[in-house]
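Participant: With the sequence up front, the predicted model follows.
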Amino acid sequence: MPLNLHLLRMFTTVVRTGSFSRAADALHISQPAISKGVRDFELQIGCRLLDRIPKGVRPTREGLALMRHAEALFATERQAEEEMRSLRGLEEGSLRIGASTTIASYMIAEYLGIFHNAYPNIDLHIISANTSEIADLTIGHEVDIALVEGPIRDENLIAEPWQTDVMELIVGSHHPFAASKTPIAASALASETLIVREPGSGSREIVTRALADHGIEPRRTLEIGSTEAIKQAVAVGLGVSIVSRAAVSDQVAQGRLKIISVRNVAIKRQLWQLKIPGRLDAPAAVVFEQILNEVPRRLSVAGTLS
């Protein structure tokens, strides 16, 4: 009996999200419909595909085997959709952009504006997540453009340099460092609480590595999964943090945060665009990539002339 692709999609969504309720939300159908669909699919296949566990579900051995085929099948489906979009050109369609959190929040607005003004009939969809999650979305053909902050080591991806970002130490306006007229010693950070992003964040990996290279180990760390929340925590004195310069200009201007120089420590990171080898990009993705590469050069020239 041929596989029912509608039920297969239900099953794969349950596995990816880890629960029937989240799968129902993702597919915009009711949870009972998801549960019935997976149950009917198991009857069609002739074996149990999911184990129910206290925190959700997990695939059985048979379910894992089926997932491998399903992922390949749906990746082929997405490639076909992309090729059809490419044949329609830039008169209609959509562009899905995956960007790690700092890039999505503080760095790509100008690029989006330029693209939207030129191609207003193309729907833009922005997905913000940490670096490892954007890499997974790229491999799954779920985004057309992928921009990340951290290094990616995956044989399924090509990482091309995009921009260089400067990372700065920030403190609250009442922190003792804020009164310093000269760069502080790196050793002073050892007595501080360092506020960091969650595991999988490119920012966290860069900061951790840079501090280790300088022999700096903060007294303790506080993990917060949002740059905006980190800024608020630093402003009220919960600790210090090292974040992208692009992320703090607003609160520095308001006087709530201060950028502090650290003697002999300069943290810069490469920002990357992720690509899949051999993938045929739709025209909208090609044009957006041209904008990504052209705008920094244009701003650089303008700064030189001024």
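Facilitator: Received, thanks.
Participant: where along the stretch 201-306 of the chain do the helices fall?
Facilitator: Using DSSP state H, counting those that start in this stretch, the helices of the stretch 201-306 of the chain run over 202-213, 227-235, 249-254, 283-305.
Participant: cool, and the stretch 51-200 of the chain?
Facilitator: Applying DSSP H, counting those that start in this stretch to the stretch 51-200 of the chain gives helices spanning 61-88, 101-106, 109-118, 131-139.
Participant: and the protein, what are its domains?
Facilitator: Domain assignment of the chain by automatic domain parsing yields the ranges 5-83, 91-162+270-305, 165-269.
Participant: weakest of these by average pLDDT?
Facilitator: Ranked by mean pLDDT, the domains of the chain bottom out at domain 91-162+270-305, with a mean of 85.
Participant: Nearest to residue 286, out of the helices of the stretch 51-200 of the chain?
Facilitator: Ranking the helices of the stretch 51-200 of the chain by proximity to residue 286 (CB to CB) places helix 61-88 first, at 8.9 Å. Where you see a C-beta, it was placed from the backbone N, CA and C, and this is true even at glycine.
Participant: Could you list every helix and strand that that closest one packs against?
Facilitator: helix 5-17 (3 or more CB pairs under 8 Å, 6 or more residues apart in numbering; DSSP states H and E).
Participant: and for the helix it packs on, what are the contacting residues?
Facilitator: With CB atoms under 8 Å, 6 or more residues apart in numbering as the test, helix 5-17 has contacts from 20, 23, 26-27, 34, 37-38, 40-41, 44, 49-50, 57-59, 63, 66-67, 70-71, 73-74.
Participant: Of those residues, grab the buried ones for ChimeraX.
Facilitator: In ChimeraX, a selection of the buried entries from these looks like this (16 or more other CB atoms under 10 Å):
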select :20,23,27,34,37,38,41,49,50,57,59,63,66,67,70,71,74
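Participant: Tally up the residues packed near the closest residue to residue 207 other than its chain neighbours, please.
Facilitator: Leaving aside its sequence neighbours, residue 207 sits nearest to residue 242 (CB to CB, 6 or more residues apart in numbering; 4.7 Å). Number of residues near residue 242 (other CB atoms under 10 Å) recorded here: 24.
Participant: Verify the stated contact: residue 242 with residue 166.
Facilitator: No: with contact defined as CB atoms under 8 Å, residue 242 does not count as touching residue 166 (10.5 Å).
Participant: Can you check which residues contact both of those two?
Facilitator: In contact with both residue 242 and residue 166: residue 267, using CB under 8 Å, 6+ apart.
Participant: Brilliant, that's me finished.
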